[in-house]
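1. Prediction below, plus the sequence it came from.
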Amino acid sequence: MVFRGSNSVCNRNLLTIHEFIIMSMRLNPRALTIGLAVLGFFSGCAEDHRWRAAMTDGTTAMRSGDYTHAEELFVAARKEAEVLDPQGKRLAETLSQLGEVNRELGRYPRAEALFQEALAIRERVYGPAHAETAASLTDLGELYRLQGLYTQAEALHQRAREIREKVFGADHSKTAESLNNIAVVYQDQHRFADAEPVLQRAPPLPFHGYGATVRRALPAYICPDRQCPALPDGTQSVRSRASRYSFAALC
């Protein structure tokens with residue numbers, strides 16, 4: 001997931017603001033209400049900044065493979081989100097990241113609970129046909145695929161694809177991501193004849209930036225008429241999470 005940057009308004013010196021409010025209230029008692037409102041706003045900004053910083057650092061740790069540290073940071077971010085935005089957008093994003101960490105660590109029941117909670121929030125906040133909802137469906141679909149629950153995984157990826165086609169269009173990279181996810185579900189079941197037409201529908205995506213994280217064996221049927229080209233570092237594999245990459249781009 002790509003994390004958004006922080007709000008510069010929330011990075012100001014809160015001590016100076018507190019002193020200003022106290023001084024104003026001494027000069028004019030009527031400033032009490034306004035001062036408290038301003039103080040509440042900037043206190044909220046401080047909490048928002050802590051949440052964003054924890055999310056950013058957690059994402060960095062997760063990308064480097066330090067899942068234990070990432071989990072600690074996302075747990076801290078969750079506490080901030082529960083204060084700032086209980087049952088809201090920040091909490092859903094935090095739960096999604098925590099779920100991803102637990103999935104990478106093989107804690108599938110815990111990951112499922114986190115993904116389900118994030119999905120419920122996004123369906124309520126955004127609606128059942130929103131791109132953020134599709135992201136949660138994709139998270140759950142990948143989790144079920146890893147557990148061999150292919151019927152559930154396919155259904156979730158299909159629903160995500162339908163949403164993304166409506167929101168982004170058939171040629172968008174997010175739609176291609178969902179198509180690739182469906183194809184990998186078929187691939188894992190050796191349903192190659194079903195996977196090939198799905199991949200042919202997916203627009204090609206560029207392959208860059210994943211040389212250090214490639215894992216999944218590239219199926220031979222993807223390039224049936226010619227030798228598949230070697231990927232970075234001489235390997236012929238792609239990242240285990242098919243959502244990161246389009247097989248179609250190789251052929």
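-> Here it is on my side, so go on.

2. pLDDT below threshold where in the stretch 151-251 of the chain?
-> Residue ranges of the stretch 151-251 of the chain with pLDDT under 70: 204-251.

3. can you map out the strands along it?
-> Ranges of strands within the stretch 151-251 of the chain are 216-217, 237-238, based on DSSP state E, counting those that start in this stretch.

4. Which residues are in contact with the nearest residue to Ile163 once chain neighbours are set aside?
-> Leaving aside its chain neighbours, Ile163 sits nearest to Ala134 (4.1 Å; criterion: C-beta to C-beta, 6 or more residues apart in numbering). Every residue, glycine included, has its C-beta placed from N, CA and C. Shown in contact with Ala134 (C-beta atoms under 8 Å, 6 or more residues apart in numbering): Arg159, Ala160, Ile163, Arg164, Val167, Lys174, Ser178.

5. Quick check: the two most widely separated of the residues you listed?
-> Arg159 and Lys174 (13.5 Å; C-beta to C-beta).

6. Remind me which helix or strand Arg103 belongs to.
-> For Arg103, the host element (DSSP states H and E) is helix 89-104.

7. tell me the angle the next helix or strand after that helix makes with helix 89-104.
-> The helix or strand immediately downstream of helix 89-104 is helix 108-125, counting by DSSP H and E. Counting by axes from the mean of the first three to the mean of the last three C-alpha atoms, to 10 degrees, helix 108-125 lies at 160 degrees to helix 89-104.

8. helices or strands up against helix 108-125?
-> helix 89-104, helix 131-146 (3 or more C-beta pairs under 8 Å, 6 or more residues apart in numbering; DSSP states H and E).

9. Let me have these in a markdown table, extended by mean pLDDT and distance to Asp66.
-> A markdown table is the format used below for those (pLDDT from 0 to 100; distance: least, C-beta to C-beta, whole Å):
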| stretch | mean pLDDT | distance to Asp66 |
| --- | --- | --- |
| helix 89-104 | 96 | 10 |
| helix 131-146 | 97 | 20 |
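
10. could those be laid out in TSV, adding distance to Glu196?
-> TSV is the format used below for these (distance: least, C-beta to C-beta, whole Å):
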stretch	distance to Glu196
helix 89-104	28
helix 131-146	18
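
11. so which of these comes closest to Trp51?
-> Nearest of these to Trp51, taken as C-beta to C-beta: helix 89-104 at 6.1 Å.

12. Other residues contacting the closest one?
-> With C-beta under 8 Å, 6+ apart as the test, helix 89-104 has contacts from 1, 51, 55, 58-59, 62, 67, 70-71, 74-75, 77-78, 80-82, 84-85, 108, 110-112, 114-115, 117-118, 121-122, 125, 132, 135-136, 139, 142-143, 146.
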